[in-house]
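Undergrad: only the shape, not the letters, is given here:
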């Protein structure tokens, strides 16, 4: 038996409550858990889904934890708008569009699952994806391993060793012709183990060097204000030649415009000046 949630119709969050009821049933059936609890995690303005922490007991009465992303039509509309705006920026600046959209929540969930699974199977340090499940006609659930570590966005400083490890992970990813597409401080978890979380959606027909350059620009910008610019570039040069770093400069301003990055024009100019040296 799974614990029920009482949903009052007059409650403005009754719809979410109903979705969580369905989520509990799906988790119980798919992962053979009971005594399931679900907690909606702190909202994040840059997230394109409702994120939840799932806990329950397995058949051996051992606690298991999962991370879930509930994806609906409103998330698809937001994602599509952001992707189109980024492509528009690139076209205005005489660059080819890089970003692809999703048409349905199912496509969003299944594509994320496939890309994360490819990363995980290649031995990259990311949360293990367990599956994606239909909750309602246009609402899907992506289930991943729950990772307990602070995101870079919550840290005011990092060590050079941590930064080096992140660059090494992304470089390995790129050598496998895999591209992240959504590197940002929220997606870098820095604990005893460093995890690269989530993925974006870049166009399959976009040149690999451009996708690599965008990933690299995003990664360089992640560490601004947390390490001196010279040190960031010194570490980056261990893994990327100068031509790749110069290619990344084409995307630094676009990264600055993203709502999940926060650095001023002075810091941007310092980064660009150092890269061109």
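TA: Yes, it's here. Predicted, not measured: the structure shown is a model, and the values here were computed from it.
Undergrad: where are the low-confidence patches of this protein?
TA: Where the chain drops to pLDDT under 70, the residues are 1-13, 43-48.
Undergrad: mind telling me what element residue 218 is part of?
TA: helix 208-222 (DSSP states H and E).
Undergrad: now do that helix: distance to the chain's middle.
TA: Its chain's C-alpha centre and that of helix 208-222 lie 14 Å apart, by CA atoms, centre = their mean, to the nearest Å.
Undergrad: which positions within it qualify as buried?
TA: Going by neighbour count (16 or more other CB atoms under 10 Å), the buried part of helix 208-222 is 210-222. To be clear about C-beta, it is placed using only N, CA and C from the backbone, and glycine gets the same treatment.
Undergrad: what of stretch 234-251?
TA: For stretch 234-251, a neighbour-count test (16+ other CB under 10 Å) marks 235-236, 239-240, 244-245, 247-249, 251 as buried.
Undergrad: re earlier: tell me which helix or strand comes right after the helix holding residue 218.
TA: Assigned by DSSP H and E, the successor of helix 208-222 is helix 229-236.
Undergrad: contacts for the helix or strand following that following helix, please.
TA: Once helix 229-236 ends, the next helix or strand along the chain (criterion: DSSP H and E) is helix 242-248. Under the criterion CB atoms under 8 Å, 6 or more residues apart in numbering, residues 209-210, 212-214, 216-217, 220, 233, 236-237, 275-276 lie in contact with helix 242-248.
Undergrad: what do you get for stretch 129-146?
TA: With CB under 8 Å, 6+ apart as the criterion, stretch 129-146 contacts 19, 22-23, 26-27, 30-31, 49, 53-54, 65-73, 104-106, 108-110, 112-113, 116-117, 120, 127-128.
Undergrad: just the buried residues from those, in ChimeraX please.
TA: A single ChimeraX command selects the buried members of those (16+ other CB under 10 Å):
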select :19,22,23,26,27,31,49,54,66,67,68,69,70,71,72,105,106,108,109,110,112,113,116,120,127
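Undergrad: among the contacts of stretch 129-146, name the ones in helices.
TA: Among the contacts of stretch 129-146, DSSP state H puts 19, 22-23, 26-27, 30-31, 73, 105-106, 108-110, 112-113, 116-117, 120 in helices.
Undergrad: quick one, what contacts residue 70?
TA: Shown in contact with residue 70 (CB under 8 Å, 6+ apart): 19, 23, 49-52, 135, 139-141.
Undergrad: can we see that at 10 Å?
TA: By CB atoms under 10 Å, 6 or more residues apart in numbering, the contact list for residue 70 reads 16, 19-20, 22-23, 38, 40, 49-52, 105, 109, 135, 139-142.
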